[in-house]
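Enquirer: would you be able to build a 3D model of this:
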Amino acid sequence: MNVWISRVEPVEAAPGPLHGLTMALKDNIDLAGVPTTAGDPRNSSPAARNAFVVDRLIAAGAVPLGKTNLDQYATGLVGTRSPYGACHSVFSADHVSGGSSSGSAVAVASGQVDFALGTDTAGSGRVPAAFNRIVGIKPSRGLVSARGVVPACRSLDCVTVMARSVGTARAVFDAMVAFDPDDAWSRRASDLPRSRAGHTPGAAAVIGVPDLDLDLDPLHERAWQQTLDQADRLGDVVKVDVRPLLEAAELLYSGPWLAERWLAFGDKMDDDPAVDPTVRSIVHNGATLTAADAFAGFDRLATLARASEHLWTELDALLLPVTSGHPTLAEVAADPVGVNSRLGRFTNMVNLLDLCAVAFPGPDRSDGLPFGVQLLAPAGHDRVLIDLAALWCGEATEDEVLLAVAGAHLTGQPLNDELVRRGARLAFDARTASSYRMYLVDGPRPGLTRTLSDEAGPGIQVEVWSLPAAELGGFAATVEPPLAIGPLELSDGRRILGFVCTADGADPARDITSFGGWRSYLTGRSA
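Expert: Below is the predicted model of the structure:
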């Protein structure tokens, strides 16, 4: 898949909230002792120090495994503009991975790392997330320092995180965010707005959706219609005019911001065969732009920002597809600029308009390929979007914990009301890891115990509930021995809280693992 440009030996993890999580770095982000190529093999000198954000993540316990492939100088949304080879989606060898953070997305989606850093100037942290069925958080501009990152458009560049779950991405985001006085574009989180004017705390979120046909490819269109049918999971849905945002998106490559790319790395765009010809042709257009062009672009952007600002007094978030389709490698080769331009239609405007964004999986297309959606909001509303993405994905929000239940607290069972009256909501159905066994304990109640056996099984059926964190202590106090609330691993590798059984309750004579779950045991007992 041409994922890696360089690999490093893992080091011992520091203690911290990310302890032991492995990470990949897009190869425009400095890792001390390793060249930062930005997709150009002529850049071969090792970095003298880590990027600011890398230092923060290592201090939080993350372990870097290497540097990943990218569209050269972070110029592209396809993942094919690299002398290190093109990347493809983990779900299809014929379809692009998306770029420019192509290798980072594939490293996460294929399970090679727990999370990866990318950058997102035009959508490069969201498009590859969408094409690989993962989560991509694009923070508010300046919330995460870009010191130690090769610039594309320095005024717009954002370091992003991609992960397989919202929870992991959130934990990394929390560790990344910090004011950096040595980065002129860094902003303090406290200086950014945090709530929508007029929004009532505790009320349902107001979610905007476009009031016009978005001209999506047919398979994308069907998945988008399914998304709209489910959008009320996020809150109250209203239709809004998004035309000013779509027009602003066109400015990124047709306006003066190309001159900023030329300023950043135009001196590298010579006739050397290491230079991607499409990147060269795009960036060379920035060499002839004038100051008058720049001010005309700034004025047009200000007009479009004013035309769209009313949205953010009415909405908590705007829901959009990430892309209008999922092109093949052959389609990109036939029309590298046109196809790429279409991919940025719903992403290019986000940094220009000072918005934050979170991309996450929507319903799959009918051909089985992923379909990614995104939520947008003004700068400073990052955690609102992360919570909404968690809600969509069936994960805990910032003020919640996930709790696996296996017996009397299941939906329809006698003790389920103890969860409901504490404000818990059913997040999703799941199974435990295969190493768990279920025993009948006094009550009767089921108790889950993890064994050391290598014997693989299907796991035990559980429901995962999202419980307000403030209610966890009171709820745990209602659990009587030999049951307790403790760490529990799901079949997908996620570690959450759940009902577990202490060793004194694991009586082999009362092993009911073969039933596969409490409901099946009750049915079998009745029969």
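Enquirer: tell me if I'm right that Val275 and Met269 touch.
Expert: Yes: between Val275 and Met269 there is a contact at 6.0 Å, judged by Cβ atoms under 8 Å. Glycine gets a C-beta too; all of them are placed from N, C-alpha and C.
Enquirer: and those two? Which one has more around it.
Expert: Taking other Cβ atoms under 10 Å, Val275 and Met269 do not tie; Met269 has more neighbours (23 against 19).
Enquirer: now do the strands in the stretch 401-527 of the chain.
Expert: 425-431, 436-441, 445-450, 461-468, 483-489, 495-501 (DSSP state E, counting those that start in this stretch).
Enquirer: distance to Ala296, mean pLDDT and mean neighbour count added to those strands, as JSON lines?
Expert: Output for those, formatted as JSON lines (distance: least, Cβ to Cβ, whole Å; pLDDT from 0 to 100; neighbours: other Cβ atoms under 10 Å):
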{"stretch": "strand 425-431", "distance to Ala296": "49", "mean pLDDT": "90", "mean neighbour count": "17"}
{"stretch": "strand 436-441", "distance to Ala296": "64", "mean pLDDT": "89", "mean neighbour count": "22"}
{"stretch": "strand 445-450", "distance to Ala296": "65", "mean pLDDT": "88", "mean neighbour count": "22"}
{"stretch": "strand 461-468", "distance to Ala296": "49", "mean pLDDT": "93", "mean neighbour count": "22"}
{"stretch": "strand 483-489", "distance to Ala296": "57", "mean pLDDT": "89", "mean neighbour count": "17"}
{"stretch": "strand 495-501", "distance to Ala296": "53", "mean pLDDT": "88", "mean neighbour count": "21"}
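Enquirer: now those in a markdown table, with distance to Asp236?
Expert: A markdown table is the format used below for these (distance: least, Cβ to Cβ, whole Å):
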| stretch | distance to Asp236 |
| --- | --- |
| strand 425-431 | 17 |
| strand 436-441 | 40 |
| strand 445-450 | 38 |
| strand 461-468 | 20 |
| strand 483-489 | 34 |
| strand 495-501 | 29 |
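Enquirer: out of those strands, which comes closest to Gly516?
Expert: Across those, the minimum distance to Gly516, taken as Cβ to Cβ, is reached by strand 461-468, at 5.9 Å.
Enquirer: any chance you could map the strands in the stretch 201-350 of the chain?
Expert: Counting by DSSP E, counting those that start in this stretch, the strands of the stretch 201-350 of the chain are 206-210, 236-240, 317-321.
Enquirer: next, the angle strand 206-210 makes with the second one.
Expert: Using axes from the mean of the first three to the mean of the last three Cα atoms, to 10 degrees, one finds that strand 236-240 and strand 206-210 are set 40 degrees apart in direction.
Enquirer: can I get strand 236-240 as CSV, trimmed to CA atoms?
Expert: C-alpha atoms of strand 236-240 as CSV (Å, rounded to 0.1, in the frame of the first residue of the first chain):
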residue,chain,number,x,y,z
ASP,A,236,-33.0,18.7,15.5
VAL,A,237,-32.3,18.9,11.8
VAL,A,238,-32.9,22.0,9.7
LYS,A,239,-32.2,22.8,6.1
VAL,A,240,-29.9,25.7,5.4
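Enquirer: from the contact counts, what lies against it?
Expert: strand 206-210, helix 311-314 (3 or more Cβ pairs under 8 Å, 6 or more residues apart in numbering; DSSP states H and E).
Enquirer: many thanks, I have nothing further to ask.
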